[in-house]
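Student: Below are the sequence and a predicted model for it; my questions follow.
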Amino acid sequence: MEEGTYQLLFDVSSYYERAESTDTSFLDTVPVRFKTSDPEEHHHVPLLCSPGGYTT
């Protein structure tokens, strides 16, 4: 991965629409932005979400 700023977009609303759940999502898309400076470094970007919120 080259040095730079990246953005991941998690399509949370589509996930809950496809899931076999009666929950609907308050959120639509969750953006996560991060910078990288070492092309050899491993990047783990976790996202925990629920219908009403999220945490990284």
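Tutor: The structure has been received and is ready for your questions.
Student: And the pLDDT at Val32?
Tutor: Predicted confidence (pLDDT) for Val32: 95.
Student: whoops, I mixed them up, Ser21
Tutor: We note a pLDDT of 69 for Ser21 in this prediction.
Student: Likewise for Pro39?
Tutor: 85.
Student: ok, the closest residue to Leu8 other than its chain neighbours - contacts?
Tutor: Distances taken as CB to CB, 6 or more residues apart in numbering place Val32 nearest to Leu8, at 4.7 Å, with adjacent residues excluded. C-betas here are computed from N, CA, C, even on glycine. Residues near Val32 by CB atoms under 8 Å, 6 or more residues apart in numbering: Gln7, Leu8, Phe10, Val45, Leu47, Thr56.
Student: how deep is the fourth one tucked in, by neighbour count?
Tutor: The criterion is other CB atoms under 10 Å. On that basis, Val45 has 10 neighbouring residues.
Student: burial measure for Ser25, as a count.
Tutor: 22.
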